[in-house]
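K.L.:
Fold the following and give me the result.
(one chain, ligands or ions: 2)
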Amino acid sequence: AKPVLEVKDLRVSFKMYAGEVQAVRGVSFNLNKGEVLAIVGESGCGKSVTAQTLMRLVPTPPSYIKEGSSILFDGKLEITELTEKKMEQVRGAEIGMIFQDPMTSLNPTMTIGAQISEGILKHQKVGKTEAMKRATELLTLVGMSNPEERVHQYPHELSGGMRQRVMIAIALACNPKLLIADEPTTALDVTIQAQIVDLLRDIQKKTDTSIIIITHDLGVVAEIAHRVLVMYAGKVVEQGPLNDIFYNPRHPYTWGLLRSVPRLDSDNSKELESIPGSPPDLYAPPVGCAFAARCPYAMEICKEKDPAHFDVSDNHSSACWLMHPDAPKVEPPVGIG
Ligand code: SF4
Ligand code: MG
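P.N.:
Ligands and ions are numbered 1, 2, ... in the order given. Now for the predicted structure:
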């Protein structure tokens with residue numbers, strides 16, 4: 001079967017007064033049908049810009065996709081080349097998106113039933129009554145009780161968690177092949193976060209939709225992802241199946257990320273270690289490995305040459321010179337892997 005999404009050498013930059021910010025610097029990955037891919041990394045690593053670019057949404061300040069980038073959707077649509085008109089059909093109908101803050105994405109003056117129906121009416125040949133019936137079913141699917149009454153309510157009458165459920169219903173309204181969720185739980189409190197993650201997982205199982213979830217929360221990743229893409233300074237530094245990333249991570253940046261999460265099998269009250277230092281300036285990205293300035297294992301070559309993507313196994317790779325056959329053998333820090 002063809003992947004739902006094939007991203008090749010995606011490069012996205014922002015034109016700023018002071019120059020060009022290279023936010024995404026050659027990202028490649030595939031997403032298969034029914035697969036949940038998590039894109040993780042610190043803020044500013046390019047994960048949100050990547051997600052928005054997949055839908056051809058243009059973050060502010062205006063970004064542009066660089067020549068040579070490719071986003072092939074469903075084996076046939078080259079997203080980077082579609083007209084805006086065609087893109088409007090793809091958005092909502094084929095790719096649904098869930099954002100971080102449901103309050104700013106919902107229309108305060110429209111009932112939630114009307115907002116869910118909107119996409120259905122726009123993309124499918126059905127009448128108002130049928131669309132409203134579908135809206136009610138979608139509210140049931142996203143776990144809301146009394147959907148017949150809920151469709152008549154306005155966003156302000158709902159809690160944050162329920163509004164996020166409505167956003168998910170809107171994103172699912174036209175049975176998209178791909179759902180992109182950018183930090184879908186960040187604005188919610190911890191219990192509600194867990195419910196939303198459970199919901200996304202249930203929906204994925206019921207509908208077999210492929211999902212890309214953008215998050216900095218490795219707890220969320222562990223709950224839902226099949227595969228993980230770790231980004232740093234606009235590049236993918238490691239990618240692989242969930243278990244490989246958690247139990248056999250092969251990139252020092254991934255080690256750092258994993259150290260900064262509490263482990264279930266250890267004393268959670270322990271201070272979490274965050275990675276010292278900060279990501280490089282993407283106006284002038286460093287030559288060589290972008291993580292070198294923060295990496296305790298950095299070697300001479302790391303500052304001179306960008307690391308290649310080395311295969312750890314069939315579908316697990318790490319862009320780190322430590323993976324080179326001639327490199328010194330370094331094991332992950334104690335407690336990792
Ligand atoms: Fe560290 Fe070098 Fe690997 Fe970069 S390539 S993560 S600097 S060891
Ligand atoms: Mg973000």
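K.L.:
what helix or strand is the nearest residue to residue 79 once chain neighbours are set aside on?
P.N.:
Distances taken as CB to CB, 6 or more residues apart in numbering place residue 71 nearest to residue 79, at 3.9 Å, with adjacent residues excluded. Quick note: C-beta positions are derived from backbone N, CA and C, even for glycine. In this assignment (DSSP states H and E), residue 71 forms part of strand 70-73.
K.L.:
pLDDT on that strand, on average?
P.N.:
Averaged over strand 70-73, pLDDT sits at 98.
K.L.:
Return the list of strands paired to it, each annotated with direction.
P.N.:
If you go by DSSP bridges, strand 70-73 pairs up with strand 5-16 (antiparallel), strand 77-78 (antiparallel).
K.L.:
Let me know the helix or strand that whichever residue of the stretch 101-250 of the chain sits closest to ligand 1 is in.
P.N.:
Closest residue of the stretch 101-250 of the chain to ligand 1, CB to the nearest ligand atom: residue 237 (7.2 Å). Assigning secondary structure by DSSP H and E places residue 237 in strand 235-241.
K.L.:
So what touches stretch 56-64?
P.N.:
12-16, 23, 48-49, 52-53, 79-80, 82, 84, 87, 91, 97 (CB atoms under 8 Å, 6 or more residues apart in numbering).
K.L.:
residues contacting residue 234?
P.N.:
22-27, 45-46, 282, 285, 290.
K.L.:
between the strands paired with strand 70-73, which gets nearest to residue 313?
P.N.:
Nearest of the strands paired with strand 70-73 to residue 313, taken as CB to CB: strand 5-16 at 20.6 Å.
K.L.:
Give the buried residues for that closest one.
P.N.:
Along strand 5-16, these residues count as buried under the neighbour rule (16 or more other CB atoms under 10 Å): 5-7, 10-14.
K.L.:
In JSON lines, list those residues along with pLDDT and distance to ligand 1.
P.N.:
Shown next, in JSON lines, are the buried residues of strand 5-16 (pLDDT from 0 to 100; distance: CB to the nearest ligand atom, whole Å):
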{"residue": "5", "pLDDT": "98", "distance to ligand 1": "27"}
{"residue": "6", "pLDDT": "98", "distance to ligand 1": "26"}
{"residue": "7", "pLDDT": "98", "distance to ligand 1": "22"}
{"residue": "10", "pLDDT": "98", "distance to ligand 1": "21"}
{"residue": "11", "pLDDT": "97", "distance to ligand 1": "20"}
{"residue": "12", "pLDDT": "96", "distance to ligand 1": "22"}
{"residue": "13", "pLDDT": "95", "distance to ligand 1": "23"}
{"residue": "14", "pLDDT": "93", "distance to ligand 1": "25"}
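K.L.:
Out of those, which two sit at the greatest distance?
P.N.:
Within the buried residues of strand 5-16, two members stand farthest from each other by CB to CB: 6 and 14, at 24.6 Å.
K.L.:
pLDDT below threshold where in the stretch 1-150 of the chain?
P.N.:
59-60, 102-103 (pLDDT under 70).
K.L.:
For ligand 1, what is the nearest residue in it?
P.N.:
Relative to ligand 1, the nearest point of the stretch 1-150 of the chain is residue 41 (13.7 Å; CB to the nearest ligand atom).
K.L.:
how many neighbours does that residue have?
P.N.:
By the measure other CB atoms under 10 Å, the count of residues near residue 41 is 26.
K.L.:
Let me see the domain layout of the protein.
P.N.:
Using automatic domain parsing, the domain ranges for the chain come out as 33-57+80-225, 228-265+272-337.
K.L.:
and of those domains, who's closest to residue 65?
P.N.:
The nearest among the domains of the chain, by CB to CB, is domain 33-57+80-225 at 5.3 Å.
K.L.:
related to what we said a few turns ago, quick one, which of the contacts of stretch 56-64 are buried?
P.N.:
Buried members of the contacts of stretch 56-64, counted by 16+ other CB under 10 Å: 12-14, 23, 48-49, 52-53, 79-80, 82, 87, 91, 97.
K.L.:
So which of the residues you listed are in strands?
P.N.:
12-14, 23, 97 (DSSP state E).
K.L.:
Among those, find me the one that's closest to residue 203.
P.N.:
Nearest to residue 203 among those, with distances taken as CB to CB, is residue 97, at 14.4 Å.
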